[in-house]
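K.L.:
Compute the structure for the input listed below.
(2 chains)
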Amino acid sequence: MADSKALFEERMGLRMTMLAGGIPARVPVYPEFTIEAACGVAGIDVTRAYYDLGLVRKAYEAVSDTFYADCFPVGYFRYPSVYQMLGSRNWRLSSSGTLQHPEVNIMEPGEYDEYTADPYAFITDKVFSRACSNLAGEGPGPGLRFGQAMAAHARTNGENFGMVMEFSQKYGYSPGVITGQGVVPPFDLLADQLRGFEGLLVDLRRQPDKVEAAVEATYQMMRKFTRLTANSPISLVFFAFHMPAFINQKQFERLFWPTTERLIRELDAEGKPSFLLAEQNLTRYATQFEALPASTVFSFEAGDAKVLKETVGKNHVIGGFWDPTLTLTRSTEECIDSVKRLFDICMPGGRFFFRYDRPVIDVNSVDIKKLAAVHEWVHENATY
Amino acid sequence: MYKSKELTDYDAYFADHPELKPEWREFMEPEMSRAEDEVFLFVLGTVLM
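P.N.:
Numbering: from 1, shown residues only, chains lettered A, B, ... in the order given. Predicted structure coming up:
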């Protein structure tokens, strides 16, 4: 326990120095495996683990014992059983055991005015029964099933995060960068959950004014959401940017960015810094990103690391870029060389952490031994 | 299907239930409001997001 306490203090020191814009002793190692990949590392059938937290514990142990990490290395926060109780269309379990979010079109193109008038009322009155088959119908059934799912989520989530805290204590993990409540940019909520990517892209051409009004109304709802979520001072509010890669600069500047930027600035003013997961290559938005509060942390899936380091990374903490699937086709030395090339660009001046471009979602997409060797190399050699 | 606004219109709710004494409302309204916030977080944070 004494060792894990010392480890925690060292790791927390690295993290806080990095977030404050100082130069830590070394680059923090913040990998992420999904529960599907973690079960793969442990040799466990994930479809059984979803219904048995004892197996989830074994998966956590396997990843924690195999890979060096400075934070808890597994992300598991969507529970299939809860979505099955709801009869959810927007979160579905595939036959291989991956919880998928398929393209859904739950709101009709003619319903913008009704949605904009009161988004939450629209969601509870209309979206629920369309998105979740078990919440449709008359009588007490839908309400009872909603209560069942909410209670099941509270219990499972409590037990799961209890285990995460237990592992953090045992292994001396500090928080990493994914630590706080997830918040969806207002434009992304419309695209990802209500109109679907395809539907929204059509609406952008046919009724952009309606989309703009709906995004503003969604912002008001998301603002209430962020006021209610109790983040601790050391947490980062999590944003994933889905749609910016699929829209043009003009659409981004008019419809995506204003409300998202406002949310991030308001959170910063309340002492809640944000973590932005930039999906796909978003280098073209570097000007907007670099103007965000200095507390904002970025992880990039792709893009020009040099440009992003010299712009966004000049005053902000950044990470990401590195593709762990390289381990399948390259030697360990070649993998480490690719990490070295990235670190030569991103390490100078601090404000950098080691994270994959995307979480590992399938253990067969990586070579476990080579990946573990890369982690060790970063831990032992990426020092300032 | 219920209308979501009915849940947070406490004046209307308590007007419909005159048997609930004012001192009971002092306790009930914040309790109902907190529970509604938890439902809101579950709806947006889990069911939808």
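K.L.:
How many residues are close by A:F289?
P.N.:
A:F289 has 23 neighbouring residues, counting by other C-beta atoms under 10 Å in any protein chain shown. (Glycine included, C-beta is placed from N, CA and C.)
K.L.:
pLDDT score assigned to the residue lying closest to it once chain neighbours are set aside?
P.N.:
Distances taken as C-beta to C-beta, 6 or more residues apart in numbering or on different chains place A:V312 nearest to A:F289, at 4.6 Å, with adjacent residues excluded. The model reports A:V312 with a pLDDT of 98.
K.L.:
next one: A:D357
P.N.:
98.
K.L.:
same thing with the one 10 residues further on?
P.N.:
At A:D367 the predicted local distance difference test score is 98.
K.L.:
that older thread, what values do phi and psi take at the residue nearest to A:F289?
P.N.:
Note on A:V312: its backbone torsions stand at phi -60, psi -40 [degrees, to the nearest 10].
K.L.:
next one: A:K340
P.N.:
Per-residue torsions, A:K340: phi -60, psi -40 (degrees, to the nearest 10).
K.L.:
Likewise for A:R351?
P.N.:
Torsion angles, degrees, to the nearest 10, at A:R351: phi 50, psi 40.
K.L.:
Let me know whether it touches A:I318 as I believe.
P.N.:
Yes. With contact defined as C-beta atoms under 8 Å, A:R351 reaches A:I318; the gap is 6.6 Å.
K.L.:
what about the chain, any weak spots by pLDDT?
P.N.:
Defaulting to chain A. A:1-2, A:230-231 (pLDDT under 70).
K.L.:
Chain B, not that one
P.N.:
B:1-7.
K.L.:
mind redoing it with 80?
P.N.:
Within chain B, the ranges that satisfy pLDDT under 80 run B:1-8.
K.L.:
so where do the helices sit in it?
P.N.:
For chain B, applying DSSP state H gives helices covering B:4-8, B:10-16, B:22-42.
K.L.:
of all those helices, which lies closest to A:E290?
P.N.:
helix B:22-42 (31.9 Å; C-beta to C-beta).
K.L.:
elements contacting that closest one?
P.N.:
helix A:141-171, helix A:208-228, helix B:4-8, helix B:10-16 (3 or more C-beta pairs under 8 Å, 6 or more residues apart in numbering or on different chains; DSSP states H and E).
K.L.:
okay, those, which one's buried deepest?
P.N.:
Ranked by average neighbour count under the criterion mean count of other C-beta atoms under 10 Å in any protein chain shown, these are headed by helix A:208-228 at a mean of 18.
K.L.:
Out of the helices of chain B, flag the one nearest A:T34.
P.N.:
Nearest to A:T34 among the helices of chain B is helix B:22-42; the distance by C-beta to C-beta comes to 22.2 Å.
K.L.:
For the closest one, give me every contacting residue.
P.N.:
For helix B:22-42, contacts defined as C-beta atoms under 8 Å, 6 or more residues apart in numbering or on different chains pick out A:Y120, A:M150, A:H153, A:K224, A:F225, A:L228, A:T229, B:L7, B:T8, B:Y10, B:F14, B:L20.
K.L.:
Now render the helices and strands packed on helix B:22-42 as CSV, adding distance to A:Q288.
P.N.:
CSV is the format used below for the helices and strands packed on helix B:22-42 (distance: least, C-beta to C-beta, whole Å):
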stretch, distance to A:Q288
helix A:141-171, 33
helix A:208-228, 16
helix B:4-8, 34
helix B:10-16, 42
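K.L.:
Which stretch among those helices approaches A:E103 most closely?
P.N.:
helix A:208-228 (17.7 Å).
K.L.:
closest to A:L328 out of the helices and strands packed on helix B:22-42?
P.N.:
Closest among those, once you apply C-beta to C-beta, is helix A:141-171, at 27.0 Å.
K.L.:
If you count contacts, what does that closest one end up packed against?
P.N.:
helix A:2-19, helix A:53-66, helix A:80-86, helix A:128-131, helix B:22-42.
K.L.:
Could you save those helices as CSV and add columns showing mean neighbour count?
P.N.:
Compiled in CSV, these are given as follows (neighbours: other C-beta atoms under 10 Å in any protein chain shown):
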stretch, mean neighbour count
helix A:2-19, 15
helix A:53-66, 19
helix A:80-86, 20
helix A:128-131, 20
helix B:22-42, 13
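K.L.:
Same list (those helices) but as JSON lines, adding distance to A:T332.
P.N.:
Shown next, in JSON lines, are the helices and strands packed on helix A:141-171 (distance: least, C-beta to C-beta, whole Å):
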{"stretch": "helix A:2-19", "distance to A:T332": "25"}
{"stretch": "helix A:53-66", "distance to A:T332": "15"}
{"stretch": "helix A:80-86", "distance to A:T332": "35"}
{"stretch": "helix A:128-131", "distance to A:T332": "46"}
{"stretch": "helix B:22-42", "distance to A:T332": "45"}
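K.L.:
Out of the ones you listed, flag the one nearest A:V164.
P.N.:
Closest among the helices and strands packed on helix A:141-171, using C-beta to C-beta: helix A:53-66, at 7.7 Å.
K.L.:
Give me the sheet partners of the helix or strand following the closest one and which way each runs.
P.N.:
Of the helices and strands lying after helix A:53-66 in sequence (DSSP states H and E), the nearest is strand A:74-75. Using DSSP bridges, strand A:74-75 pairs in its sheet with strand A:33-34 (parallel).
K.L.:
Packing partners of the next helix or strand after the strand it pairs with?
P.N.:
Note on strand A:33-34: by DSSP H and E, the next helix or strand toward the C-terminus is helix A:35-42. Judged by 3+ C-beta pairs under 8 Å, 6+ apart, the packing partners of helix A:35-42 are helix A:46-49, helix A:53-66, strand A:74-75.
K.L.:
I'd like to know which elements the first one is packed against.
P.N.:
If I follow you right, that is helix A:46-49. By 3+ C-beta pairs under 8 Å, 6+ apart, helix A:46-49 packs against helix A:35-42, helix A:53-66.
K.L.:
Show residues contacting that helix.
P.N.:
Residues from elsewhere that reach helix A:46-49 (C-beta under 8 Å, 6+ apart): A:I35, A:E36, A:C39, A:G40, A:L55, A:V56, A:A59, A:L93, A:G97.
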